[in-house]
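> next comes the sequence, and after it the predicted model I'd like to discuss.
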Amino acid sequence: MEAYCFKCKAKRDIKDPVAEFNAKGSPVTTGTCSVCGTKMFRMGNTDAHAGLERPVIQKTPGNKRPAKRSGKLVIVESPAKAKTVQRFLGKGYQVQASVGHVRDLLKSTLSVDVQNDFAPKYRVPNEKKAVVKEIKAKAAAAEEVFLATDPDREGEAISWHLLEAAEIEPALARRVVFHEITRPAIEEAFSHPREIDMRLVNAQQTRRILDRLVGYSLSPLLWAKVRGRLSAGRVQSVAVRLIVDREREIEAFAPQEYWTVEAELTKRGDTVKKHHFFARLLKVDEKDVGLEKEIPLANESEVKPLLADLEGAQWSVLKVKKGERRRSPPPPFTTSTLQQEASRRLNFTAKRTMMVAQQLYEGIGLNGDSAVGLITYMRTDSTNVSKIAQKEAREFVAEKYGADFLPPEPPQYKTRAKGAQEAHEAIRPTSAMREPKAIEGFLTKEQFRLYQLIWQRFVASQMAAAVYDTVSVDIEAKHERTYLFRAAGSVVKFPGFLAVYEEAKEEDAAAPDPAEGEGKRLPPLIDGDPLSLIRLIPEQHFTQPPPRYTEATLVKALEEYGIGRPSTYAPTIATIQQRGYVLREEKRLAPTETGIIVNDLLVDHFPEIVDVGFTARMEEELDEIAAGEREWTPVLHEFYGPFAQQVKAAEADMPNVNAGPEFVGRDCPLCGKPLVMRYGRYGKFIGCSGFPECRHVEPLLEKVGVACPKDGGDLIERKTRKGRVFYGCANYPNCDWTSWKKPAPQKCPACGGLMVAANKNTAACTVCGTQAPLETAAAEAA
C-alpha cells in the first residue's frame, strides 16, 4: 500500500499501516514511510478497512442562522431589455440578463438518450457558467424570483432552463409574461404571475430534439456521401427543396407567344388630346380573345386580319357602367408579413428585419430619458390588437384626420397562419401617439425606417376603407366582324387608410390588368356615343416562367404551407445561404450545384423529411403539444422509428456523389495548391483547396460586359463586407470608379456616356442624366 511522502517527494510503501476513520467519519490509513520513517497518511477505503464499521457522526446544529432573503430578482434575456424593465420596476427589484440561452444539448454528441424516452442531455456552456453562477447566487438571496423571458415557447423554455441550471427554488419562482415593454404592460404582468407552462416547454424541447435527431443523423451521411461541412435540417431542407423545385420549373418552362390589341380612342369631334383613352380587345363575334381562349391570337398572322378590319370599323359606346369599390386596410403586421414588407419596401433581409425589430422592442432612449419599448413583441403569428391600443389609435386618427376616417367599430382581423397563437398580439407601436417623425432623431436610420413602417401599418389597419369611383365602358367596333373592347377607370373618392399607408406590391404579382383601369380617369361617356379611332396598338407577349423566390416570397410560402413558425423563418433563410445551398442574386434565391445535389439525395432517400405536407403535420403536432392535447414523447417515437430505418438503409444504398471542388485553373499564390470555386453566404468566391491549413481567398470577378468610363478596363460585380452588390473597375486600386447601379450595355443616345439601370425598365446616363427604356438599351447594344 502506497502513499505520498512529503520528505522523499515520492510515493513510498506505508510501514505498519493502521486503518481508522477521522472526525468526520471519512476512512483514512496512517503509518510511516518505509524509507525515511516520516509519518504518512492516505485518504479513502483500503484493504485494511475491511470489516471495520464506519462510525455514525452526530451533526450538532450550529449557531449560524440561514441567510435572510430580501429583494426581488427579475431575469430577462438581454442587457438592453434588462435596462428598460429596470426603469419601470424601480427599487426593490434587481433585473439580471441571462444573455440568451443558458443551457443546451451537448454539441459533441447526439445528447439525446433514444433508448430512454428521448431524454435530452443538457449542459451549461463554458461561456455561460459565470452568468449562471451569478444568477444562482442572486436567486439564493432573493425572496422572489421573476422569470420575465420572452412570451413565446422559446422564452418559456429559457425560463425553465434558468430554473434548472441556477437551481432556483420552484416555490420562489414566478413566471411573468408581457408583449410590450411599457409601464402598464409590466405592471399588469407582475400583478398576475404564474407557474412555468410545461406544455410550452415540452413543445420547444420536442422541436429541439427533432432538429437534433435529423441534423446529427443526416449531416454525417452527407459528409460521407458528398463532402464535408454540409448539413441537413428538418425545416431548412424543405426550404431548399422549394427553391430547387422552382428552379426546375423555370428550366422546364416553354414560353408561349400571344398578342393583345389595344385601341386609342376619343369621342367623335373631340380634339383635346388629354381626353384620349385606351380600350383592350376582349371579344370577336362574341368569342373570347386571349391565351387559352377561343381566339388565342397566338401569332402576328392571326392579328393582322383583325387590324385591317378594325381600321375601317365604326366605333361607338355600347354600355357605360358606373359603380363604387371599397378597399379595406391590411391587417397589422405578423412576423411573416413584417419580413415580407420590409423586404419589398426597405430591401431588408429577414435576419436584418428581426435584428432591428428586437432593438425597437427592447427599448430606445428618448429625450434623454431611460429606454422605452417602441413596439410589441416581434415574433408572433397573430393579428390581434388589444382594446387599449385600438382605443388610443382611434383617438389619434380622429384628432389627426377626422371622425370620417374611422370605421364605426374597431376592425377585427382573422389570423391566416396555421397554428397561430391567438393569445399573442400583432406587431404594433406601443403608442400610436408616438409618431415616427417625432422620434426620428433618437433612432438609427434602420430603426426609424422599420418603426415608421410598423407605425403606419398599424394606424392604417384601424382606419376606414378607401372608396373608389369606378367606371367600365364596353365599346363596339363593327365592320366585317363585330368586336368588343373595354375601357375602365377608377379614381379615389375617399382615401381612408390610404392617407397613412399603402401596401407595397408583391414582387411576383402579375402586372395590373389595363381593363381594370386602376388610377385612370375616363372622359365623360354615355351609351351610344360615337367614337373615333386614333390608332391600334398590337403588342407581342410571351408567357413568363415562375420567378425565383425572394426572401419575402419564400417566407410567405413557408407560412402558407405551415412550415416553421415566426421564430424560425429568418434563421432558416440565413442558414441555407450560410451552408452554400442557396445564393442571393439580385434579391432572388437561386440553388447552388451543392444545394441541388443534396436536395436530390434527400428526396430519393428521405422523402418525408423534405416533404412539405409531412413537415407541416409535424408543426401541427408541436402546436398540439403546446396546447396540452398531445404528449411529447409519443411524437418522437412515431417519428424516430421509421426515420432510423431510413438512415440505416441510406448508409448502405445512398450513392457516393462527387460534389468535389471546381478548379479554376490557377494555383494559390501562398501555398501553391490549386485554387477552387467556393460558395459563401454572399455568393461564389475563389479559395485555396488547402483550406483550412491555407486560408487564401479571392473575390470572383464577374464581368458585366461594359468598359470602364474612366480607364477602359472591364467593369465587374463586387460585394461589400455586408454582401451588398456594387460595380467597379477590374483595375482597382489603379482605377477607383464604382457604382451601386448596374452598368447598361448601351451608350447614351444624347452624349455617348455610360448608362446604368435606374430601375427595372429604365436606363439613365451617368453624365447627362438622359433616360431610355432598359429593354431598348439591351436591344440597341445587340
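Yes, it's here. Numbering: from 1, shown residues only.
> wait, doesn't G312 sit right on K478?
No. Under the criterion of CB atoms under 8 Å, G312 makes no contact with K478, lying 9.9 Å away. Where you see a C-beta, it was placed from the backbone N, CA and C, and this is true even at glycine.
> neighbour count winner among those two?
Neighbours per residue (other CB atoms under 10 Å) separate G312 from K478, with K478 holding more: 14 against 11.
> who's that one bridged to?
K478 has these beta-bridge partners by DSSP bridges: Q314, T482.
> any regions of the stretch 301-450 of the chain where pLDDT drops low?
The stretch 301-450 of the chain contains residues with pLDDT under 70 at 368, 416-423.
> ok, now the chain?
Along the chain, the parts satisfying pLDDT under 70 run over 57-67, 368, 416-423, 507-519, 658-660, 679-683, 722-723, 760, 775-782.
> where does the spatially most central residue of it land in three-state SS?
In the chain, the centroid-proximal residue (CA atoms, centre = their mean) is A570; its distance is 2.6 Å. Following DSSP: H, G, I helix; E, B strand; the rest coil, the label given to A570 is helix.
> not counting residues beside it along the chain, what's closest to it?
The shortest distance from A570 to any non-neighbouring residue, by CB to CB, 6 or more residues apart in numbering, is to A350 (3.9 Å).
> same question, I686
E698 (4.3 Å).
> can you list the buried residues in the helix or strand encompassing the one you found?
Assigned by DSSP states H and E, E698 belongs to strand 697-699. Within strand 697-699, no residue counts as buried by 16 or more other CB atoms under 10 Å.
> next SSE downstream of that strand?
strand 702-707.
> what lines up beside the following helix or strand past that following strand in the sheet?
As assigned by DSSP H and E, the chain's next helix or strand after strand 702-707 is strand 714-719. Applying DSSP bridges, strand 714-719 is found paired with strand 702-707 (antiparallel), strand 725-729 (antiparallel).
> contacts for the last one, please.
For strand 725-729, contacts defined as CB atoms under 8 Å, 6 or more residues apart in numbering pick out 586, 704, 708, 710-711, 713-720, 735-743.
> for PyMOL, write a command that selects the buried ones of those.
A single PyMOL command selects the buried members of those (16+ other CB under 10 Å):
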select buried, resi 708+713+715+716+717+718+737+741+742+743
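> what helix or strand is R199 on?
Assigned by DSSP H and E, R199 belongs to helix 198-225.
> state the next helix or strand along the chain beyond that helix.
Counting by DSSP H and E, the next helix or strand C-terminal to helix 198-225 is helix 236-252.
> elements contacting that following helix?
With contacts defined as 3 or more CB pairs under 8 Å, 6 or more residues apart in numbering; DSSP states H and E, helix 236-252 has these neighbours: helix 551-561, helix 569-578, strand 588-591, helix 593-605, helix 612-626.
> can you rerun that using 10 Å?
Judged by 3 or more CB pairs under 10 Å, 6 or more residues apart in numbering; DSSP states H and E, the packing partners of helix 236-252 are helix 198-225, helix 551-561, helix 569-578, strand 582-585, strand 588-591, helix 593-605, helix 612-626.
> who does the following helix or strand past it touch, helix- and strand-wise?
The first helix or strand that comes after helix 236-252 along the chain, using DSSP H and E, is strand 257-267. Counting contacts by 3+ CB pairs under 10 Å, 6+ apart, strand 257-267 is packed against strand 277-284, helix 300-311, strand 314-327, strand 466-478, strand 482-494, strand 530-542.
> next, the buried residues of the second one.
Judged by neighbour count using 16+ other CB under 10 Å, the buried positions of helix 300-311 are V303, L306, D309, L310.
> and which of those residues is nearest to C765?
Nearest to C765 among these: V303, at 35.5 Å, using CB to CB.
> list the contacts for the closest one?
The contact partners of V303, by CB atoms under 10 Å, 6 or more residues apart in numbering, come to Y258, W259, T260, V261, L281, L297, L536, P538, E539, Q540.
> against I534, how distant is the residue nearest to the centre of the chain?
A570 sits 52 Å away from I534, going by CB to CB, to the nearest Å.
> likewise for S26?
S26 sits 108 Å away from I534, taking CB to CB as the criterion.
> repeat that for L89.
With distances taken as CB to CB, L89 is found 73 Å from I534.
> mind checking which of the two has more residues around it?
L89 (18 against 14).
> what helix or strand is V397 located in?
Per DSSP H and E: V397 is located in helix 387-400.
> was I right about D381 contacting V555?
No. Look at D381 against V555 with CB atoms under 10 Å: they stay out of range, at 11.8 Å.
> any residues in contact with both of those two?
Counting by CB under 10 Å, 6+ apart, the residues touching both D381 and V555 are T335, S336, T337, P566.
> count of neighbours near the first one?
By that I understand T335. Applying other CB under 10 Å, we find 28 residues neighbouring T335.
> could you pull up phi and psi at the closest residue to it other than its chain neighbours?
Counting by CB to CB, 6+ apart, the nearest residue to T335 once its immediate chain neighbours are dropped is P566, at 3.5 Å. Backbone geometry at P566, expressed as degrees, to the nearest 10, gives phi -50, psi -40.
> dump the residue contacts of P566.
152, 154, 334-336, 338-339, 354, 377-382, 417, 420-421, 424, 427, 555, 559.
> switch to 6 Å and redo it
T335, R379, T380, D381 (CB atoms under 6 Å, 6 or more residues apart in numbering).
> quick revisit: who's in contact with the helix holding V397?
Residues outside helix 387-400 that contact it (CB under 6 Å, 6+ apart): F405, L406, P410, A432, M433, V459, Q462, M463.
> between the residues you listed, which is nearest P530?
Nearest member of the contacts of helix 387-400 to P530, counting by CB to CB, is F405, at 42.8 Å.
> figure out the length between the terminal residues of stretch 220-238.
Counting by CA to CA, to the nearest Å, you get 19 Å between the two ends of stretch 220-238.
> so for that stretch, what gets flagged as buried?
Judged by neighbour count (16+ other CB under 10 Å), stretch 220-238 contains these buried residues: 221-222, 225-227, 230-238.
> could I get those residues as a markdown table with distance to V372?
Converted to a markdown table, these look like this (distance: CB to CB, whole Å):
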| residue | distance to V372 |
| --- | --- |
| L221 | 50 |
| L222 | 47 |
| K225 | 53 |
| V226 | 50 |
| R227 | 50 |
| L230 | 45 |
| S231 | 40 |
| A232 | 43 |
| G233 | 37 |
| R234 | 38 |
| V235 | 35 |
| Q236 | 36 |
| S237 | 41 |
| V238 | 39 |
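> can you tell me the closest non-neighbouring residue to E480?
Once flanking residues are discounted, E480 sits nearest to D309: 5.2 Å by CB to CB, 6+ apart.
> okay then, goodbye and thanks.
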